[in-house]
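Student: Okay, here's the prediction I keep looking at, along with the sequence it came from:
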Amino acid sequence: MTKDKWMKVAEICGWFLFGIYFCVEMFRFGLSMKRTLALGVVCIFSILIHCYKSRRDGDYIKRIFGLKQKPDRDYSYDWLRVLAVVMVIVTHAIQVDLSVGLITGEKKTYVLTVLYMLCLACNLIYVMLSGALLIPYR
């Protein structure tokens, strides 16, 4: 086998191990066995579909993760948008958990409050992306 084929096999095995780990963690989190197995089947089919598409198109994975650069597009702003979306989700989740009282313990409350305050920077990222950073690219 060539080095390229070994890399493909290693990549597929890595994704399968990640899928198994994800399903085990979901089961430990409290997901029923039937739903965990269904999630495992979905993970397996998803991995197989992406491997098939990756074999047909060498740049498929790069396009999925936004790593393939086009001369007229700067993908760093897309990654900033993704970061801002994740920060909004984290902010709202922590805000609800802290206000309802789902989080107990002084240390956990302190850590989540600090994380909540850091994620409030998502508003600044959205303001910058809406105009200030994109003015030169018009």
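Tutor: That came through fine. Remember, it's a predicted structure, so these values are computed and weren't measured experimentally.
Student: which residue sits closest to residue 126, ignoring its sequence neighbours?
Tutor: In this structure, residue 126 finds its nearest non-sequential neighbour in residue 84, 5.5 Å apart by CB to CB, 6 or more residues apart in numbering. C-betas here are computed from N, CA, C, even on glycine.
Student: and if you look at residue 88?
Tutor: Counting by CB to CB, 6+ apart, residue 88 lies nearest to residue 122, which is 4.9 Å off, once chain neighbours are set aside.
Student: wouldn't the one you found be in contact with residue 82 here?
Tutor: No. The pair residue 122 / residue 82 is not scored as a contact, 11.1 Å apart, by CB atoms under 8 Å.
Student: neighbour-wise, which of the two wins?
Tutor: Using other CB atoms under 10 Å as the criterion, residue 122 and residue 82 rank with residue 122 on top: 18 against 11.
Student: need the contact list for that one.
Tutor: With contact set as CB atoms under 8 Å, 6 or more residues apart in numbering, residue 122 has these partners: 83, 84, 85, 87, 88, 91.
Student: hmm, which of those residues are the buried ones?
Tutor: 84, 87, 88, 91 (16 or more other CB atoms under 10 Å).
Student: Counting only helices, which of those make the cut?
Tutor: Among the buried ones among the contacts of residue 122, the members falling in helices (DSSP state H) are 84, 87, 88, 91.
Student: distance of the residue nearest to the last one when sequence neighbours are not counted from residue 54?
Tutor: When you say that, I think you mean residue 91. Excluding its sequence neighbours, the residue lying closest to residue 91 (CB to CB, 6+ apart) is residue 119, at 4.4 Å. Noted for residue 119: a distance of 33 Å to residue 54, by CB to CB, to the nearest Å.
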